[in-house]
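Peer 1: Kindly generate the corresponding structure for this input.
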Amino acid sequence: MNLNAPWESEECFPEKPATSDFGYLERNKLVPCTREELIERCAGLKRPEIELVWHSDAPRLVPVWTVGFLGDALLIREKTVLKQNRRVAAFNVLILFVFWALAHGQKGSVVLVVFFGLFFGVLPLYQSWRDLRRIDHVRWDTTTAATSFDRYAAWVETRSDTMTRLLLGIITLVGILQVVAGYRLRPHGAGIEMPSIMLAGLIKESVRHGEWWRLFTAPLLHGSLVHFIFNATALFGLGRLTEALAGRARLAMVFALSALGGSLFSQLAMPNTASVGASGGLLGLIGFLMLLGYRRKALLPPGFLKVFVMNVALVAVMGIAARSIVDNAAHFGGFAAGVAIAAFTVPRQGGLPVSDTRTSNISGILSFGSILGFALVAAGKMFGKF
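Peer 2: Take a look at the predicted model:
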């Protein structure tokens, strides 16, 4: 057992209450129940999914997938979820054809539609079909490696994600204000450009004329609902993982500085285009986690680093194929910033989560304050308040 990996420690999960032999953790609350009720809860689709349970033979809460008598219930739930995923994927394939028809032959838009349709429609449809065929033959895996991964997954899921939710809340609020400003300020006969982007996006000519604040406000804006949903989903996943492994202060710091790095590189490398979106910050999180995964390879589950290398490859392929509408400069700048931050703030030796320092805490506070402040600036500029 590696004591530098917190999920391997016996004390990483709380002790079970003395008042009940069975129960589960739901929204940080211990819920006692009978064995039959626990099985029923695990087999159903009630949200949220539970990650930790306790039973009569365990002194502490344990990951749900490590409990043998819950195996049949979890497989029932998994089969139901796979059927739902298959329906959603089939619907996404239909949406793909609708957007394809609306793309009007624009090469970059068509490439993005195909990319999203492939990864959110065709591939999930195939995977759910394949997994449904195999699930009835699944054997309950209680090997040490499987149990270790289950402990890691449960540990990540039960860690605090306060900063992730705050960042999501900020870009969501700015997105709502962006839509309101767009409808409110759009003149009759205007083109497809949203007024909010013109007022607070990364308009390179305006930056050259002194509106430097656009470097900070542009990453908080988005060009469409699909753009926002994709980035918000990525922020939720990457943010929670970063916050679990490196702390909320580093999450705020990496996102803010990488978003700025993306804006600066876009300003220099693509001086004649307009840009918006949190992609620079998201690529920064990927870069940070990739180097973190390399430096903590011995502690993290097998394949952790490979996942982020594949993410970088996919983003690169998408960016090259849809270069007419994708800001590859912002992606590269954000990614480079994330790697650089990890190189300076993640020691080569040590455990997980990465220990906070006075510098990282101060940087995190300043970074979050900057994000919040420039969100207010973006709102003010969109509505002409200053």
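
Peer 1: And the spatially most central residue of the chain, how far from Ala378?
Peer 2: Most central in the chain under C-alpha atoms, centre = their mean is Gly237, positioned 2.4 Å from the mean C-alpha point. Using C-beta to C-beta, to the nearest Å, we find Gly237 at a distance of 24 Å from Ala378. From N, CA and C alone the C-beta is placed, and that goes for glycine too.

Peer 1: Then Gln178?
Peer 2: Gln178 sits 8 Å away from Ala378, taking C-beta to C-beta as the criterion.

Peer 1: Over to Ser355?
Peer 2: On the measure of C-beta to C-beta, Ser355 and Ala378 end up 34 Å apart.

Peer 1: ok, the two, which is more surrounded?
Peer 2: Each of Ser355 and Ala378 has its neighbours counted (other C-beta atoms under 10 Å); Ala378 has more, 28 against 12.

Peer 1: Wait, that one touches Ala200, no?
Peer 2: Yes - in terms of C-beta atoms under 8 Å, Ala378 counts as a neighbour of Ala200; the distance is 4.4 Å.

Peer 1: joint contacts of those two?
Peer 2: Taking C-beta atoms under 8 Å, 6 or more residues apart in numbering as the contact rule, Ala378 and Ala200 both touch Thr217, Leu221.

Peer 1: which regions of this protein sit below the pLDDT cut-off?
Peer 2: The chain contains residues with pLDDT under 70 at 1-3, 99-112, 140-146, 183-193.

Peer 1: care to break it down by domain?
Peer 2: 6-70, 83-142, 159-382 (automatic domain parsing).

Peer 1: Return the most buried member of these.
Peer 2: For the domains of the chain, the stretch with the most neighbours on average is domain 159-382, a mean of 19; neighbours defined as mean count of other C-beta atoms under 10 Å.

Peer 1: Who are the packing partners of the longest helix belonging to the chain?
Peer 2: Counting by DSSP state H, the longest helix found in the chain is helix 71-102. The helices and strands touching helix 71-102, judged by 3 or more C-beta pairs under 8 Å, 6 or more residues apart in numbering; DSSP states H and E, are helix 35-43, helix 107-117, helix 123-134.

Peer 1: re the thing from before, can you tell me the element the residue nearest to the centre of the chain falls in?
Peer 2: Assigned by DSSP states H and E, Gly237 belongs to helix 225-246.

Peer 1: other SSEs contacting that helix?
Peer 2: With contacts defined as 3+ C-beta pairs under 8 Å, 6+ apart, helix 225-246 has these neighbours: helix 144-157, helix 162-185, helix 248-269, helix 279-295.

Peer 1: Regarding Pro17, what is its secondary structure?
Peer 2: Classification of Pro17 by DSSP: H, G, I helix; E, B strand; the rest coil places it in coil.

Peer 1: in the stretch 251-386 of the chain, which spans are helices?
Peer 2: 279-295, 304-321, 328-345, 358-382 (DSSP state H, counting those that start in this stretch).

Peer 1: Any chance of JSON lines for the domains of the chain, columns distance to Arg77?
Peer 2: Rendered in JSON lines, the data for those read as follows (distance: least, C-beta to C-beta, whole Å):
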{"stretch": "domain 6-70", "distance to Arg77": "5"}
{"stretch": "domain 83-142", "distance to Arg77": "11"}
{"stretch": "domain 159-382", "distance to Arg77": "21"}
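
Peer 1: Any idea which of these gets closest to Asp150?
Peer 2: For those, proximity to Asp150 was assessed by C-beta to C-beta; domain 6-70 is nearest, at 4.2 Å.

Peer 1: Distance across the closest one, terminal residue to terminal residue?
Peer 2: Terminal residues of domain 6-70 lie 25 Å apart, using C-alpha to C-alpha, to the nearest Å.

Peer 1: just how off-centre is that domain within its chain?
Peer 2: For domain 6-70, the gap between its own C-alpha mean and the chain's C-alpha mean amounts to 26 Å (C-alpha atoms, centre = their mean, to the nearest Å).

Peer 1: tell me the contacts of Thr147?
Peer 2: If you count contacts by C-beta under 8 Å, 6+ apart, Thr147 has them with Pro63, Thr66.

Peer 1: For Ser324, see how far away it is.
Peer 2: Computed as C-beta to C-beta, the Thr147 to Ser324 distance reads 48 Å.

Peer 1: Asn311 and Gly287 touch, don't they?
Peer 2: No - assessed by C-beta under 8 Å, Asn311 is found out of contact with Gly287, at 10.0 Å.

Peer 1: For Pro271, give me its contacts.
Peer 2: Pro271 makes contact with Lys204, Arg208 under the criterion C-beta under 8 Å, 6+ apart.

Peer 1: could you redo the last one with a cut-off of 7 Å?
Peer 2: Applying C-beta atoms under 7 Å, 6 or more residues apart in numbering, one finds that Pro271 lies in contact with Lys204.

Peer 1: Phi and psi next, for it.
Peer 2: Backbone torsions of Pro271, given as degrees, to the nearest 10, read phi -70, psi -10.

Peer 1: cool, Cys33 as well?
Peer 2: The main-chain torsion angles of Cys33 are listed as degrees, to the nearest 10 and equal phi -160, psi 180.

Peer 1: I'd like the secondary structure assignment at Tyr24, please.
Peer 2: With three-state DSSP as the basis, Tyr24 sits in strand.

Peer 1: That'll do, ta.
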